Every structure is written in structure tokens, then in C-alpha cells.
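*Asks:* make a model of this:
(one chain, ligands or ions: 1)
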Amino acid sequence: MSTRKSVVAIVWMTVSGACYGAQEQCLTAASCPAPALVIGLYDYANLSAKEIGRLTETASLVLANSGIHVDWVHCRGALAVAPATACEAEPQANRLVLRLLPTGPSKSSEDAMGYANVTAEGGNYASVFVPAVRAQAVGFEVKSDLLMGYVVAHEVGHCLLGPRHSETGLMRGVWNRKDAGEISRLALHLTKQQAQKAVARLGQAELAATR
Ligand SMILES: [Zn+2]
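*Replies:* Okay, the predicted model is just below:
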């Protein structure tokens, strides 16, 4: 999430909003269970259990609005439970790694609150810069764990959709006060088209895992 400018434009491969994998027999979107996204969370910023609980709950709600169910695996931090063998699994399209970092972004993108390492088709690694989120939360006059949940959802969006930003919604490259108002009401989401692409990507990953 950059608070100043957008990045690269991409061309998306044609995808379908239909269901895949374990739901291959499921023919209509309305009857399809939400595809699952596993996120391994590594907290290097020493957030409290309460903060982690709130930010993951927020990100889950935002993504659930787009038809995506998130299973959180707490690999490091206040909610980490050992042994977490799930943390050893290789990241893939429906299994992401999320890091909460205690430092800001590099100088080249000093206004960013988060970063996702993605190609045009998406990626598996996302980071959130906790101090930058806390500072922006003060400016927006919203709770930092709420804003952090939205930054997580935005970076997860990049992992599922690629680096492109949109003019409206969760994937806007710059969030302003109007967006902050929608964040405070849990009303900022992926567009319908973005949600369909993200669900299709997860469905394809589930299908690949069953082969
Ligand atoms: Zn972004």
C-alpha cells in the first residue's frame, strides 16, 4: 500500500468466477463454499495478542466480503502456538506468508504501509510496516489495528491479483480521508470483478492441490 502513488499496470489472464477443486460438482457460485486462503503470520513487531486478534479479524471480514475464507496460522508472535508444522509448508497461491515488521519501508518507498512481493499474476509473500501504519492511523483518526487489518487485506489482494491498483475500493493506491471513513465502517472492499478474480485464483489452486 503506497500512500503516494500507484505502481505498475498489468494485463490479467482471463479467469472464471466458477468453483473448482473439492467443489467441482458445485455449479453455481451461490452454492459454492468460500475457497480457503491459509496465511502464515509472522509478527516481528511484538504486537499484543489483542492487536493481532483484531487485525486478523478485520482482514478476515474484509476478505470474507469478497467470498474468501482465511485460515490464520500464527507462526511467530503473541498468538503463536508451537509446534506449528503448518508453518513449514511451502508458500503457494492459496498459502501466503505475512510478516508484521517493526521497521518502516526502504527509502525508495518511504510512504508505504506495506509491500507484497508479486509478479503480474500475484505472489506469496506480503509485509506490513507497523510503525508506518500506526502513524497513518493517527492521521486518519482510526484505530491502528483496524487500519493494519485493511493494509493486510490490501497486500493479500496484491498476492491474489498482482501489483495493479484500482480507482476504487480496497486496492486503491492511495487511501484518503473518504477511504478512512469507509475503513472505520468496515465498508472498503475489493470490487466485484477483483473478488471474482481472487476467488478464481484460489479455486484453481485448490484444484491443482487435488491433482
Ligand atoms: Zn498496493
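*Asks:* A helix includes E57, no?
*Replies:* Yes. Under DSSP: H, G, I helix; E, B strand; the rest coil, E57 falls within a helix.
*Asks:* the closest residue to it other than its chain neighbours: what's it in contact with?
*Replies:* Once flanking residues are discounted, E57 sits nearest to G149: 7.1 Å by C-beta to C-beta, 6 or more residues apart in numbering. Every residue, glycine included, has its C-beta placed from N, CA and C. With contact taken as C-beta atoms under 8 Å, 6 or more residues apart in numbering, G149 is in contact with 54-59, 61-62.
*Asks:* distance check, G149 against Y44.
*Replies:* The gap separating G149 from Y44 is 18 Å, by C-beta to C-beta, to the nearest Å.
*Asks:* G169 now?
*Replies:* Going from G169 to Y44 by C-beta to C-beta gives 29 Å.
*Asks:* next: S166.
*Replies:* For S166 relative to Y44 (C-beta to C-beta), the value is 30 Å.
*Asks:* and what of E51?
*Replies:* In this view, E51 and Y44 are 14 Å apart by C-beta to C-beta.
*Asks:* could you do N117 as well?
*Replies:* N117 is 16 Å from Y44, where distance means C-beta to C-beta.
*Asks:* Y125 now?
*Replies:* According to C-beta to C-beta, Y125 and Y44 sit 14 Å apart.
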